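**Student:** Sharing a sequence plus its predicted fold:
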Amino acid sequence: MSALRELYQQVILDHNKSPRNYHPLVDPTRTVDGYNPLCGDHYKIYVKMDGDRIDDVSFTGTGCAISKASASVMSAMVKGKTREEVERIFNDFHALVTGSIDADKNLDRLGKLAAFSGVSEFPARVKCASLAWHTLHAALQGTGASVSTE
Amino acid sequence: MHTVTSQSDQDLKDRFLAIRGCRHHFPLLRQRVNGKPLVYFDNAATSQKPQVVIDTLMRYYEEENSNIHRGVHYLSERATQAYEAARVKVQHFLNAAHHREIIFVRGTTEGINLVSSTYGPMKVGPGDEILISTMEHHSNIVPWQILCEKTGGVLRVIPINDAGEIILGEYEKLLTPRTKIVALTHVSNALGTINPVRKMIDLAHAQGIPVLIDGAQAVPHMKVDVRELDADFYTFSAHKMFGPTGVGILYGKTKLLDAMPPYQGGGDMIKSVTFEKTIYNDLPYKFEAGTPSIAGGIGLGAAIDYMNELDMAGVAAFEQELLSYATRLVGEIPGLRIIGTAREKAGVLSFVIEGIHPHDIGTILDDEGIAIRTGHHCAQPVMQRFGVPATARASFAFYNTKEEIDVFIGALRKVIEVLG
Ligand SMILES: Cc1ncc(COP(=O)(O)O)c(C=O)c1O
């Protein structure tokens, strides 16, 4: 059970049960749909930009605990950040869930992201954890109205 | 429900015991996953293979490998014979009238695409209708949508009730002079429903409408007789009935197949080729362009031999017993809802648990060594019908046991402990 407990950490369970910023946004600058066709997960990410800075961000949709908690944690973390700052967090997140950095040694840098340290033990769930991030990335790049993990 | 009538309880017990004895024919089932004995409950996705099928594939590559219908040499003759013998086994397995009605394809998906892209355009024009049901697999939806896009045809859908059964009255209303083909699944992979295809074929035939049956989930669990059903087309995949991947069958009535243009062009499907004119081969070769999965076809023959040795009525009864046992036990789990409660059901248990996503259920079960499928099961419209994005699905085969169901129930309780 310990790898499972690592995966389903309290932070994840909490964000899954009461996701933050879980509503549509009025007046978004961009909205992008993210799909995982394998499991049918679907989120819509709304961003409101203020120049290069994310003024507000929110999401709607359904998916598993990992994907929903990830969208929720992400929305809380990126609010007020610039594109470049978001890009750095995204890179950290990606490195974490694919197991290329050690969470314990980077706790300061990772902050809330550290809750996703268990994902790297479950390769089938990396896509779940990354879906919202890829979708946000597309929204910030302005590339297309939907992304898919496949 | 499949009941074995006029058999004493003791007799049934003996038959179940004999079926349980078959588990050791499946070497893959002996392994451990995450330190626990594997519990394989993903049989609707693909079944495991008995040793005889694996041995047949090995022997083919060790002793017979050669291209078929092409060489005069010994090996080519031998491979051709084995491949054609497999075709005859399929013919008898389905009780088809003739082996030319048995076309080797890649699987169910290709069987349906073959019909939609050859028979389809012959029959369907602007405003003509193709009738399918709400519970079809994507492979029995999308090919017809592609046909509609090309021809201006219209896809119509037979509704189902809350138990996941086709509403026959609505079906009858949808059969009209505009209906050019009915395409139906025999058994639903997402719900387990066994459709009354015999009756539905009769109703369509009463109006002169041909019917294609997707038998992917039916052939592993019940005896199928295409002539008794009077199906015009029947298609299935070897890999779901204990055979290899990469091969399947399309059965079609000679009269229909003869009138259809070829599916793909290439080697084997011709009698003679010049740049001016090509003469197509006879059935079934007209539809078999290129080198097929030769080992696969021969392996399917071995799977049929294996199934012929099984007590299929006993298997059906045993799978019903597993299903009702599992259904009863999951009923005690708080917040669990079964999706698909048809009276006539194959060994498929699709369910959701309040507040817990199926994907998370799948991960926790996997940790316990239990393989189930989670997601939309390539049947998104039926998910929409029940208002869920996905379900968790346990699907049984005759080599599963009640003890495995007990392990599964224990793991579901763990799911609730971790995520509830
Ligand atoms: C009812 C049904 N139809 C069609 C298919 C497609 O079969 P295949 O992928 O072997 O072509 C499946 C398999 O998942 C199925 O369950």
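**Tutor:** Yep, that arrived. Worth saying up front: this structure is predicted, and the values here are computed from it rather than measured.

**Student:** Apart from its chain neighbours, what residue comes closest to residue B:45?
**Tutor:** In space, residue B:45 comes closest to residue B:373 once its chain neighbours are excluded; the distance is 5.3 Å by C-beta to C-beta, 6 or more residues apart in numbering or on different chains. Using the backbone N, CA and C atoms, a C-beta is placed for each residue, glycine as well.

**Student:** Quick one: residues contacting residue B:339.
**Tutor:** Taking C-beta atoms under 8 Å, 6 or more residues apart in numbering or on different chains as the contact definition, residue B:339 lies against B:164, B:190-191, B:350-352, B:386, B:388, B:391.

**Student:** For the ligand, state which of these is nearest.
**Tutor:** Proximity of those to the ligand, judged by C-beta to the nearest ligand atom, is greatest for residue B:190, which lies at 8.1 Å.

**Student:** Dihedrals phi and psi, residue B:240?
**Tutor:** In this entry, residue B:240 is assigned phi and psi values of phi -90, psi -10 (degrees, to the nearest 10).

**Student:** Surely it and residue B:44 touch.
**Tutor:** Yes: counting by C-beta atoms under 8 Å, residue B:240 sits close enough to residue B:44 to count as a contact (7.3 Å).

**Student:** list residues touching both of these two?
**Tutor:** Both residue B:240 and residue B:44 are in contact with residue B:217, where contact means C-beta under 8 Å, 6+ apart.

**Student:** ok, and the closest non-adjacent residue to the residue of the stretch 301-420 of chain B found nearest the ligand?
**Tutor:** In the stretch 301-420 of chain B, the residue that lies nearest the ligand is residue B:378 (5.8 Å; C-beta to the nearest ligand atom). Closest residue to residue B:378 in three dimensions, ignoring its sequence neighbours and counting by C-beta to C-beta, 6+ apart: residue B:138, at 4.4 Å.

**Student:** May I have the residues that are in contact with that neighbour?
**Tutor:** Contacts for residue B:138 were tallied using C-beta under 8 Å, 6+ apart; they are B:378-380.

**Student:** who wins for most neighbours among those residues?
**Tutor:** Going through the contacts of residue B:138 with other C-beta atoms under 10 Å in any protein chain shown as the criterion, the one with the most neighbours is residue B:379, at 25 neighbours.

**Student:** Count the neighbours of residue A:17 for me.
**Tutor:** Using other C-beta under 10 Å as the criterion, the residues surrounding residue A:17 number 13.

**Student:** And the pLDDT for the closest residue in space to it that isn't next to it in sequence?
**Tutor:** In space, and not counting its chain neighbours, residue A:17 is closest to residue B:355: 7.9 Å by C-beta to C-beta, 6+ apart. Predicted confidence (pLDDT) for residue B:355: 92.

**Student:** same for the helix or strand hosting residue B:75, what does it pack against?
**Tutor:** In this assignment (DSSP states H and E), residue B:75 forms part of helix B:74-94. Counting contacts by 3 or more C-beta pairs under 8 Å, 6 or more residues apart in numbering or on different chains; DSSP states H and E, the secondary-structure elements packed against helix B:74-94 are strand B:102-105, strand B:248-252, helix B:294-309.

**Student:** ranking the ones you listed by burial, who's on top?
**Tutor:** Ranked by mean neighbour count, those are led by strand B:248-252 with a mean of 28 (mean count of other C-beta atoms under 10 Å in any protein chain shown).

**Student:** neighbouring contacts of it?
**Tutor:** For strand B:248-252, with C-beta under 8 Å, 6+ apart as the criterion, the contacting residues are B:90, B:94, B:96, B:101-108, B:110-111, B:114-115, B:226, B:231-239, B:260, B:287, B:300.

**Student:** If we use 6 Å, what do you get?
**Tutor:** Residues from elsewhere that reach strand B:248-252 (C-beta atoms under 6 Å, 6 or more residues apart in numbering or on different chains): B:90, B:94, B:96, B:101, B:103, B:105, B:107-108, B:111, B:114, B:226, B:233-238.

**Student:** got it, and stretch A:137-150?
**Tutor:** Counting by C-beta under 6 Å, 6+ apart, stretch A:137-150 makes contact with A:30, A:32-37, A:45, A:47, A:83, A:127, A:131, A:134-135, all of which sit outside it.

**Student:** farthest-separated two in those?
**Tutor:** By the measure C-beta to C-beta, the contacts of stretch A:137-150 have their two most distant members at A:37 and A:83, which lie 27.6 Å apart.
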